[in-house]
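>>> Predicted model follows, preceded by the sequence.
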Amino acid sequence: MGKRMFYVLKIILSSSKQAIMASEIQILLEKEGIKVDIKTVRTCIQQINDFFYEWLQRDLIITYHRKGYQIDEDIFDDGQLQFLLDQLAFHQDLNQEDQQKLQHKLLFLSSFHQQQRLIFFESSQRQHSFLSFVNLSVIMKAIEHQKAITFEYIDYDIQKDQLVEVASQRGNKEKQYIVSPYSFTSQNNHYYMIAYNEKHLGQLTNYRIDRMRKIQTLNNGYIDIREQFDIQNEIEKMMNMFISHHHDTLVIECDYKQLREMVSRFGQQMKVQRLYQDRLLLTIEDVSISEGLIGWIMMMQTQIKVISPKYLQDEMKARIKAMHNLYQDVL
């Protein structure tokens, strides 16, 4: 019965017709080596609807008198599926093989007509020497079963003017790292593993999962000292390297055309004062004065100007001067 249901669903989802008759489904099933009568086709469709009803709270397959069966409303909304596919296409840690495999699974749950409405961006051409999903799966299972893992952590060397990936020699067993994984998190489109490494007594360390190679679980050597740490707090401390705990009131001057960018960065809870021409003075309270903020201000170049706090303005001046000095000898 499961095989019948699978192929009936696949036939209806992939049909380019607006609706498909039970007799047509019967013929297509026979091509798959499944011989059934019309009544069995209808029973399969009812069972498919029963299965999905608890999930969707509606029938997936709709019956239209004298027209046949069709899917009026897909499992994923168009926007939901487009978003998921876009995340796959643009994720920098996924190679083409990873992307295509997961895309294929998602699209199986999508009807032919929905797929005609989607936009498929060209997938990444990056050919990584690792598989993100495999790495992540091994680590997740090791965390669940409290298993130590061993891996190599990549570094780079220059050979014949080309970058070559090599194993770091800074592990606790030369190039081998043996750690006890406790958790993982995501930051800036990368996954990080949070683990205990005996080489760093009394503290947790983090490792970027896309930089890990030859990951294997071990049957012994797991060290559980999680009770000594507030894991969530440790994650926040390690992952928010660009977020300062120092907050202040930020006053900046910017062009009116940058107002939308300012709202995207700081939200709508800011004081706005019109200055001269199209210039605005923005006052934003409780802003984290961090490396991330400074980097963003530098990126905005002449489009914004820091008015206060004074120490941040001085820091901007110092960095601009240092950049100027760096290029002094460039004609």
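Here it is on my side, so go on.
>>> pLDDT on stretch 47-64, on average?
For stretch 47-64, the mean pLDDT works out to 95.
>>> So which residues make contact with that stretch?
Stretch 47-64 is contacted from outside by 1, 5, 8-9, 12, 19, 45, 69-73, 75, using Cβ atoms under 8 Å, 6 or more residues apart in numbering. The way it works is simple: take the backbone N, C-alpha and C, and place the C-beta from them, glycine included.
>>> Narrow those residues to those that are buried.
The neighbour count (16 or more other Cβ atoms under 10 Å) marks 8-9, 12, 19, 45, 69-71, 75 as buried among those.
>>> Out of those residues, which is nearest to residue 110?
Residue 110 lies nearest to residue 75 out of these, by Cβ to Cβ, at 7.3 Å.
>>> how far away is the closest one from residue 55?
Note on residue 75: its distance to residue 55, by Cβ to Cβ, to the nearest Å, is 8 Å.
>>> neighbours around residue 282, how many?
Neighbourhood size, residue 282 [other Cβ atoms under 10 Å]: 20.
>>> whoops, residue 285 was the one
12.
>>> With the one 10 residues further on instead?
Using other Cβ under 10 Å as the criterion, residue 295 is surrounded by 12 other residues.
>>> same question, the one 4 residues further on
Around residue 299 there are 9 other residues, counting by other Cβ under 10 Å.
>>> Check which helix or strand it maps to.
Using DSSP states H and E, residue 299 sits within helix 291-300.
>>> Output the contacting helices and strands for that helix.
Packing partners of helix 291-300 (3 or more Cβ pairs under 8 Å, 6 or more residues apart in numbering; DSSP states H and E): helix 310-326.
>>> Just the C-alpha atoms of the helix it packs on, please, in CSV.
The C-alpha trace of helix 310-326 is given here as CSV (Å, rounded to 0.1, in the frame of the first residue of the first chain):
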residue,chain,number,x,y,z
LYS,A,310,33.1,61.3,21.2
TYR,A,311,35.3,58.3,21.8
LEU,A,312,33.7,56.5,18.9
GLN,A,313,34.2,59.6,16.7
ASP,A,314,37.9,59.6,17.7
GLU,A,315,38.2,55.9,16.9
MET,A,316,36.7,56.5,13.5
LYS,A,317,39.3,59.2,12.9
ALA,A,318,42.1,57.0,14.0
ARG,A,319,41.1,54.2,11.7
ILE,A,320,40.6,56.5,8.7
LYS,A,321,44.1,58.0,9.3
ALA,A,322,45.6,54.5,9.6
MET,A,323,44.0,53.6,6.2
HIS,A,324,45.3,56.8,4.7
ASN,A,325,48.8,56.1,5.9
LEU,A,326,48.6,52.5,4.5
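>>> Now find how far off-centre it is within its chain.
Distance of helix 310-326 from its chain centroid, counting by Cα atoms, centre = their mean, to the nearest Å, is 34 Å.
>>> Might you report the residue contacts of residue 307?
Counting by Cβ under 8 Å, 6+ apart, residue 307 has contacts 251-253, 281, 313.
>>> Confirm that it sits in a strand.
Yes - under DSSP: H, G, I helix; E, B strand; the rest coil, residue 307 falls within a strand.
>>> Please tell me how far it sits from residue 138.
From residue 307 over to residue 138 the distance is 51 Å, taken as Cβ to Cβ.
>>> sorry, back to before: determine which two of the contacts of residue 307 are furthest apart.
Spanning the widest gap among the contacts of residue 307 are 281 and 313, at 14.1 Å by Cβ to Cβ.
>>> Would you mind finding the longest helix in the protein?
helix 38-56 (DSSP state H).
>>> quick one: strands adjacent to the helix or strand just after that one?
With elements assigned by DSSP H and E, the helix or strand that comes after helix 38-56 is strand 62-64. Its sheet considered, strand 62-64 pairs with strand 68-70 (antiparallel) by DSSP bridges.
>>> which sections of the stretch 151-300 of the chain are below the confidence cut-off?
Filtered on pLDDT under 70, the stretch 151-300 of the chain yields the residue ranges 237-245.
>>> That one: helices as residue ranges?
231-239, 259-266, 291-300 (DSSP state H, counting those that start in this stretch).
>>> Dump the ones you listed to JSON lines, plus distance to residue 62.
Conversion of the helices of the stretch 151-300 of the chain to JSON lines gives the following (distance: least, Cβ to Cβ, whole Å):
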{"stretch": "helix 231-239", "distance to residue 62": "45"}
{"stretch": "helix 259-266", "distance to residue 62": "41"}
{"stretch": "helix 291-300", "distance to residue 62": "49"}
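>>> Quick one, which of those gets closest to residue 277.
Per Cβ to Cβ, nearest to residue 277 of these: helix 259-266, 14.0 Å.
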